[in-house]
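Asks: this one's structure only:
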């Protein structure tokens, strides 16, 4: 099969220490594509949905796609998936860096980790060869140290490492998997799953080249894309500011989450903006495999935080969650929190929102200094915020409560704390305010992974009537604030491509048009693939994830948003803006109906059959 | 708008004699495309669904699409639509020839006929100019005579005429609209609607050229397609045998409707085959606008039938319905029946099946010579068959009963006649046996126009795992006889493209790949259109038609097939083959569910909204 795949899926049972390889038929790849598609397949095919997410029965999947590892900006990524210990449902995170490409070059499309090692181990994969190695000596280390030790003991500086930090070891429910020290498969708590298996890291080295259907055609397309990107690099905002560029735009519009989402504008926004970062603490920008955009900052500071540039630096979500959303305008402190998150393997969104939750509780007297171990957890207390990050990673004091995520923490704390718990399906809400973008709000509620922004970015007016949504037949623009069935349609059509990208494991920020991607896919796979088939793959991916969620117990009552978003902003550019309960309720139902799911959000057998995966209804 | 459209829709109110022109915005065209899409729009937008199909409130629509009139094989067609007097629901027929292209060149994309003229009239359209003219002198004439008179009195032999014959004048419920004497918009009884409006004909002459977005690009694509077609002409079966080529294949397989669908193989098949036709009665082959394939036969015979080649000759559906399905192997007689159908404006399928129904009733004693006016209506009686065709057109004797279609005729006759009435939703079943192709059977039952084969051709194994269904992600072949949810999916994915073709009003037999068509559409319209958007247009077209049917009273109980198909073939290659009641019932439900319709087959508001036509739910 010269179709962009290795045709090898590695299966490692850590309980028995056995290693095997699956070799699926070509249609398997064409149906599920890769990345998220494979995660959805294996979770549904091999799990019941009631397994303990932190038990040996959970399966942890690392997956690439057909173009992963090609020499083009955006093609270095991979998915990580499992039953999520945070949401209890389908768990999935995507991550950049170099590891995904390396795995592909090492001869595997994906890895399925099963069981649990008796003692800490790491996995070593070199050009097809696989070894389970003891990891006692790296357990407890920061991620950079761990990577250094592994490279040294294996004697190859070109090795790429995906790993957890101490947060994963300690099974913090929002621990992440970290690639190459500074790239996180952040959401869903997959680091905790890895930790529960006593698997600290997967080290990979590959020198292979993946066979494609039309080698010349692929090379020509890649060359063209690289040249266009090079010529256009000066115009790409991501190269100047990374994702942080959006912060001031949102602040001006009134959509910057501030003080645990109570406000939508932050008086200290300029101090934590992309410009401030670029001017004060930026060392340089770095990027991922084959990508010249280099959107990721590397920052350093002196006292008191002494931020280590090895761990990169804060991007938009970290700036929001540790910054405005905690009422903090201290860029070095935010950078320290981001550094600690990467060093310990914590998801920056969930960590920041958990701290904002605690601050909110503290301001309201729900938590007192007795609960916080003396920390004065007022909004704006940068020092306390930084301290809490490490306490969460170590599960110390209040950190132990927060390490469960805000939903469980609120339940444990009681006393009205739930009002401060900003989550959807137990996953903490990212830095896009639903009162600013009601469509995104619905996206949070129905998202298969719990509150997620990546796949629900296309709900709003900015993107309408131009580009790919117009190319999907969405012909008229809709106001940002509208929450109508037409907006739900926009959300649905809009979330297909991000899911496809995460089946391809291709970066959403890489400048490749839908048309070019389809050309490339045709040349790589040899399939006469088109946007219809791809959109069906996206729909299949979402629907299979939902099917797993249903088996894991999710129903309509879970698909909601915190009460706060249904109350008006009291001030700021969007004073008075709120979600309407009835509109929201109807939108969730409309989403189900448009997706071919029943009134409880369960995919109907007919929809699964229509998507060519009727077997999912029967498992 | 240089996008392939004239941006003009002509509206003629025959009651008031007023003429006006609508100029829709570009998004209207992009959403509904043309042809069937426009029919669905206007029926839903401007009618309630309970109007008398033969009353002045019915609207009769003639519509073209964006590529109609371009110089390429397949682009000479148009749709005709109205509330059907046969089914009572959405009525639509497509037709080739030259008239559609001529209308486009005359400056209009579509015509909406409203009201009823006091006396017979015809419409005369010349390069934008429109006139309602008296038609008393052509009323009652055969179609060829009518066309000759019109051309002569208007003094232009290049005029193209769409018209009805005496069957339409007499409001036979399956009267058709005839373009250029020998091309029929056959199904749905639209000729009766035209007759009820006292409109005998629409004569058109146009010298305009439609502006396209990328003139050079369009010209290059057309040139390439023409050259490829020319080079490949010798390999195209349609050029040798037309649709008749399929007759012997079906006979051998056991799927040739024989003696009112009682059998699936006919002992006289060879005598009515394409070879027989080519060798005995063929004069030449003719074709449509810009098409070198020339798939349509022109036949002539001597005594006793003296078939006139002006009216063309029998194609597959006529050979089946007047031939094997009446137990007749007399090719001249069949040709006479086809000639009379075109001369009088009768749909060959419904006419032949009505006669087979009468023969079946006669053989069973349900009809006697008293009822038939002395005709011995045994299967195989060619002379009686030919006589009945004219009796139906004139509504004479038994012909008057049969002119209502088999469903109403069976009700009028009673005495168990219903067992012989081969229809779905009151439209007579075409020449593809559901016992041979169960998927097609489901297609008949759920078809928006009543039993229809054109849109449901893609249910079977021949087409699987290759070509456009594979390109839609249907990766595995299914057995022909299977009637599973997977087969329903195949039917659904398969019927999108034929609907798109009939929105484009492009010939299903013209050799243009999906990919090439998309290229052409992009160049013509300037829209970055793709298969996803097109498939959504197809889905929208079907769903809007169903929505109209629901308003006209259609529910699940209507979506069924004659009992006969659930009993086994007693002999022939498929002896024992039958549809399974439970499988069929489930397949209909699965079809609804996959289409996003409720349990009664009513499109849900969410589905309509998802298709961008939420307004349909509200009308």
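Replies: Here it is on my side, so go on. Note that the structure is predicted; figures quoted are calculated from it, not measured.

Asks: List the buried residues of stretch A:7-25.
Replies: A:7, A:9, A:10, A:11, A:12, A:13, A:14, A:24 (16 or more other C-beta atoms under 10 Å in any protein chain shown). Glycine gets a C-beta too; all of them are placed from N, C-alpha and C.

Asks: what's the answer for stretch A:509-519, then?
Replies: Buried-residue list, stretch A:509-519, by 16+ other C-beta under 10 Å: A:509, A:510, A:511, A:512, A:514, A:517, A:518, A:519.

Asks: State the phi and psi torsions of the second one.
Replies: Read it as residue A:510. Here is the backbone geometry of residue A:510 (degrees, to the nearest 10): phi -70, psi 140.

Asks: returning to what we had before: what about chain B: which of the buried residues of stretch A:509-519 touch it?
Replies: Counting by C-beta under 8 Å from any C-beta of the partner chain, the subset of the buried residues of stretch A:509-519 that neighbours chain B is empty.

Asks: Those into JSON lines, with extra columns for secondary structure, distance to residue A:342 and pLDDT?
Replies: Converted to JSON lines, the buried residues of stretch A:509-519 look like this (DSSP: H, G, I helix; E, B strand; the rest coil; distance: C-beta to C-beta, whole Å; pLDDT from 0 to 100):
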{"residue": "A:509", "secondary structure": "coil", "distance to residue A:342": "19", "pLDDT": "92"}
{"residue": "A:510", "secondary structure": "coil", "distance to residue A:342": "22", "pLDDT": "92"}
{"residue": "A:511", "secondary structure": "coil", "distance to residue A:342": "26", "pLDDT": "89"}
{"residue": "A:512", "secondary structure": "coil", "distance to residue A:342": "27", "pLDDT": "91"}
{"residue": "A:514", "secondary structure": "helix", "distance to residue A:342": "32", "pLDDT": "92"}
{"residue": "A:517", "secondary structure": "helix", "distance to residue A:342": "30", "pLDDT": "96"}
{"residue": "A:518", "secondary structure": "helix", "distance to residue A:342": "35", "pLDDT": "96"}
{"residue": "A:519", "secondary structure": "helix", "distance to residue A:342": "36", "pLDDT": "97"}
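
Asks: Look up the closest residue to the residue nearest to the spatial centre of chain A, ignoring the ones flanking it.
Replies: With distances taken as C-alpha atoms, centre = their mean, residue A:93 lies nearest the centre of chain A, 4.0 Å away. Excluding the flanking residues, the one nearest residue A:93 by C-beta to C-beta, 6 or more residues apart in numbering or on different chains is residue A:185, at 3.4 Å.

Asks: Could you list which residues are in contact with the one you found?
Replies: The neighbours of residue A:185, taking C-beta atoms under 8 Å, 6 or more residues apart in numbering or on different chains as the test, are A:78, A:79, A:80, A:93, A:94, A:95, A:176, A:177, A:178, A:179.

Asks: and if you look at residue A:35?
Replies: Shown in contact with residue A:35 (C-beta under 8 Å, 6+ apart): A:63, A:64, A:65, A:77, A:78, A:79, A:94, A:502, A:503, A:504, A:505.

Asks: now, which of those lie within strands?
Replies: Secondary structure from DSSP state E places A:63, A:78, A:79, A:94 of the contacts of residue A:35 in strands.

Asks: partners of the third one in the sheet?
Replies: Per DSSP bridges, residues listed as beta-bridge partners of residue A:79: residue A:63, residue A:94.

Asks: Go ahead and confirm it touches residue A:41.
Replies: No - applying C-beta atoms under 8 Å as the test, residue A:79 and residue A:41 come out as separate, 11.6 Å apart.

Asks: These two: who's more crowded?
Replies: residue A:79 (29 against 24; other C-beta atoms under 10 Å in any protein chain shown).

Asks: Could you pull out the strands in the stretch 251-400 of chain A for me?
Replies: Along the stretch 251-400 of chain A, the segments classed as strands by DSSP state E, counting those that start in this stretch run A:282-286, A:296-299.

Asks: Quick one, which of the ones you listed gets closest to chain B.
Replies: Closest approach to chain B among the strands of the stretch 251-400 of chain A is made by strand A:296-299 (32.0 Å; C-beta to the nearest C-beta).

Asks: Just the element for the closest residue to residue A:425 other than its chain neighbours, please.
Replies: Ranked by C-beta to C-beta, 6+ apart and with sequence neighbours excluded, the top spatial neighbour of residue A:425 is residue A:450, at 3.7 Å. Under DSSP states H and E, no helix or strand contains residue A:450.
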